[in-house]
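S.K.: Sequence and predicted structure are below.
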Amino acid sequence: MDFTEDQIHRYARHILLDGVGGVGQRKLLESRVLVIGAGGLGSPVLMYLAAAGVGTLGVVDDDVVDLSNLQRQIVHSTAAVGTPKVESAQKTLAAINPDVTVIPHQERITAANALDLISGYDIVADGSDNFATRFLVNDACYLAKKTLVSAAILKFDAQLYTFKAFEADDEGGHGPCYRCIFPEPPPEGQIPTCAEAGVLGALCGMAGSLQATEVLKELIGLGESLSGALMVYDGLSTTFRKISVKPDPGCRLCGDSPEITDLTIHKAESRSP
Ligand SMILES: [Zn+2]
């Protein structure tokens, strides 16, 4: 299987696993994942994917590390305060696993660069913290035919989705996209952000670990895809709910008569946080 001694040792617990094995581990080493945001969700996603030996990890973030990030953004350390998040993440990930190539994209994902950014990767994991980006990434991944594993967190709650509406399923249909569930971004100010309402730090780790698990499953082709369902975690009552979601034939993006065929609408919708 062409592993070094160190790799056999490092990935022994994966290679032992039914359904992963040397073949699965090789797939991970050859995979490229783009992670949007090196924040609360991006931190655990990046760290687990690096530890797992995902060969190439792209990180998109234009922000610098702030002291208020450290309560949950575990890829960054106190010494990194004031430095670009992509650089800080790259340093941590290199220390976790030298097998992994980290590509820092120190920019904001926009309608102008989204398709270019995404085209270099196999799968996208969205851990962004605003609706404008979440809709942009959904539309770009659908148009570029890239599987999207998306998570969202607020206060004590998390949501998790996998979207690959571009892909035909066994019955000749397809799964939903984000717009099938939420057709449009909510009016500004209607739903508070984590900066406004807060978020329990450890909850980001839980949601990001679930997100990393779904990314690894999609890369290896393991188990049952989360596509077609929405996973909701309520941290206060410790409940998971998996809600089945159907594609909307009237969806503006993936429906029968799509209106969104490029990213033009995001030129108006995109804005700085
Ligand atoms: Zn849709």
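M.R.: Yes, it's here.

S.K.: Grab the longest helix from this structure for me.
M.R.: helix 201-220 (DSSP state H).

S.K.: for that helix, packing partners?
M.R.: For helix 201-220, the elements it packs on are helix 21-29, helix 42-52, strand 123-126, strand 147-154, strand 157-163, strand 229-234, judged by 3 or more Cβ pairs under 8 Å, 6 or more residues apart in numbering; DSSP states H and E. Glycine gets a C-beta too; all of them are placed from N, C-alpha and C.

S.K.: repeat that with 6 Å
M.R.: With contacts taken as 3 or more Cβ pairs under 6 Å, 6 or more residues apart in numbering; DSSP states H and E, helix 201-220 sits against helix 42-52, strand 123-126, strand 147-154, strand 157-163.

S.K.: List the buried residues of stretch 120-132.
M.R.: Residues Tyr121, Asp122, Ile123, Val124, Ala125, Asp126, Gly127, Ser128, Asp129, Asn130, Phe131, Ala132 are the ones in stretch 120-132 that count as buried (16 or more other Cβ atoms under 10 Å).

S.K.: measure that stretch end to end?
M.R.: 22 Å (Cα to Cα, to the nearest Å).

S.K.: Give me the distance between it and the centre of its chain.
M.R.: 5 Å (Cα atoms, centre = their mean, to the nearest Å).

S.K.: Same check on stretch 66-85?
M.R.: The answer for stretch 66-85 is 19 Å, by Cα atoms, centre = their mean.

S.K.: Rounded mean pLDDT for it, please.
M.R.: Regarding stretch 66-85, the rounded mean pLDDT is 98.

S.K.: Please point out which parts of it sit buried.
M.R.: Judged by neighbour count (16+ other Cβ under 10 Å), stretch 66-85 contains these buried residues: Asn69, Arg72, Gln73, Ile74, Val75, His76, Ala80, Pro84, Lys85.

S.K.: I'd like these as JSON lines, with distance to Glu259 appended.
M.R.: Below are these laid out as JSON lines (distance: Cβ to Cβ, whole Å):
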{"residue": "Asn69", "distance to Glu259": "38"}
{"residue": "Arg72", "distance to Glu259": "37"}
{"residue": "Gln73", "distance to Glu259": "37"}
{"residue": "Ile74", "distance to Glu259": "40"}
{"residue": "Val75", "distance to Glu259": "38"}
{"residue": "His76", "distance to Glu259": "40"}
{"residue": "Ala80", "distance to Glu259": "43"}
{"residue": "Pro84", "distance to Glu259": "37"}
{"residue": "Lys85", "distance to Glu259": "35"}
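
S.K.: Taking these together, which two end up most distant?
M.R.: The most widely separated members of those are Arg72 and Pro84, with 18.3 Å between them, by Cβ to Cβ.

S.K.: Now find how far off-centre stretch 237-256 is within its chain.
M.R.: Worked out by Cα atoms, centre = their mean, stretch 237-256 lies 17 Å from the chain centre.

S.K.: And it, end to end?
M.R.: Length of stretch 237-256, first residue to last, Cα to Cα: 39 Å.

S.K.: What residues sit buried inside that stretch?
M.R.: Val245, Pro247, Asp248, Cys251, Arg252, Leu253, Cys254, Gly255.

S.K.: Might one say that the first one is in contact with Tyr178?
M.R.: No: counting by Cβ atoms under 6 Å, Tyr178 is not a contact partner of Val245; they are 10.0 Å apart.

S.K.: Also near the ion: which of the buried residues of stretch 237-256, exactly?
M.R.: Cys251, Leu253, Cys254 (Cβ under 5 Å from the ion).
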